[in-house]
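In: I'd like to go over a predicted model; first the sequence, then the structure.
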Amino acid sequence: MERKHKRLATPWAAGVAGVVLAILTATAIVLVRIALPNGLNGAEATVDPGQRGAVRTALELIPFAGIAFLWFMGALREQVGEREDKFVSTVFLGSGLVFVATLFGAAAAAWSVLGEGGQGSSFGRDVAYALLTTYAMRMAAVFVITTSTIGHRFGVLPRPLTAVGYLAGLTLLVVGANVPWSELVFPAWVLVLSLNILWGRRPAVSRPATTT
């Protein structure tokens, strides 16, 4: 009975963690973008004093977004269990961990800009912008693609959601910093996936559990 309750609770945990992750990550991306209004070309730009407090709040929320992401990633992996492919799961875990690390790095660089009264050096702005829009989003793309591959292979995800995942991953991988605000594709995908989990559209996993 205890094992069955744990298996039934895992989709709920993944869905809730994913919703929290989507909200926190989207908020952080939006407000870090505000801190870097012109990206790599905004070395002389300043952060409005009225916006500085909101940006600081967003940066303080990023560690909690990282915690939610790790919980989300672990709950997703639990759905596969012993059937997981070691190669794909290694890429899945690696991309997720590097994503969190680069997201934290971007937040730290943005903190340095705010610490200088919103007139941070060109180096600090460039580092924060590159980590957020290039490195973090590339790792997010790999995570999305591997998650979609695992979900398709084991029948955990419906085909339309798998296709959306591949499209989102390719967008993050190819577009990157070339299109402003394209980073929001990642939290949008997480939100859609989490809502799908919470709505219980997982017949390949749930039916065997109810017949035993």
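Out: Looks like it came in fine. Bear in mind that the values here come from a model prediction, so they are computed numbers and not experimental data.
In: which regions of this protein sit below the pLDDT cut-off?
Out: Filtered on pLDDT under 70, the chain yields the residue ranges 1-10, 32, 35-51, 54, 80-84, 113, 115-124, 177, 200-212.
In: what distance separates the helix or strand where residue 145 lies from the centre of its chain?
Out: Here residue 145 is covered by helix 137-153, with elements defined by DSSP states H and E. The chain centre lies 11 Å from the centre of helix 137-153; the measure is CA atoms, centre = their mean, to the nearest Å.
In: downstream neighbour of that helix in the secondary structure list?
Out: Assigned by DSSP H and E, the successor of helix 137-153 is helix 159-174.
In: Contacts made by that following helix with the rest, please.
Out: If you take CB atoms under 8 Å, 6 or more residues apart in numbering as the criterion, helix 159-174 is touched by 137-138, 140-142, 144-145, 147-148, 151-152, 157, 182-183, 185-186, 188-189, 192-193, 196. Backbone N, C-alpha and C define where each C-beta goes, glycine included.
In: those helices in the chain, which residues are they?
Out: Using DSSP state H, the helices of the chain run over 2-35, 49-80, 86-115, 122-130, 137-153, 159-174, 185-198, 203-211.
In: Show me what counts as buried in the second one.
Out: Okay, so that is helix 49-80. Residues 52, 54-56, 58-59, 61-62, 65-66, 68-69, 71-73, 75-80 are the ones in helix 49-80 that count as buried (16 or more other CB atoms under 10 Å).
In: Equivalent analysis for the third one, please.
Out: Of the residues in helix 86-115, 88, 91-92, 95-100, 102-107, 109-111, 113-114 count as buried by neighbour count, 16+ other CB under 10 Å.
In: just the buried members of the contacts of helix 159-174?
Out: Among these, those scoring as buried are 137-138, 140-142, 144-145, 147-148, 151-152, 157, 182-183, 185-186, 189, 192-193, 196 (criterion: 16+ other CB under 10 Å).
In: got the contact list for residue 185?
Out: Residue 185 neighbours (CB under 8 Å, 6+ apart): 168, 171-172.
In: I should have written residue 98 there, sorry.
Out: 135, 139.
In: and it, how far is that from residue 135?
Out: To residue 135, residue 98 is 8 Å away according to CB to CB, to the nearest Å.
In: before we move on, what about residue 159?
Out: 31 Å.
In: now do residue 128
Out: 11 Å.
In: Show me which of these two is the more surrounded one.
Out: residue 128 (24 against 18; other CB atoms under 10 Å).
In: how about the nearest residue to that one, chain neighbours excluded?
Out: Setting aside the residues directly before and after it, residue 128 is nearest to residue 109 in space (CB to CB, 6 or more residues apart in numbering), at 3.5 Å.
In: Also residue 138?
Out: That would be residue 173: by CB to CB, 6+ apart, it lies 6.2 Å from residue 138.
In: which residues does the closest residue to residue 63 other than its chain neighbours contact?
Out: Nearest in space to residue 63, with sequence neighbours left out and distances taken as CB to CB, 6+ apart, is residue 104 at 7.4 Å. Residues in contact with residue 104 (CB under 8 Å, 6+ apart) are 62-63, 66.
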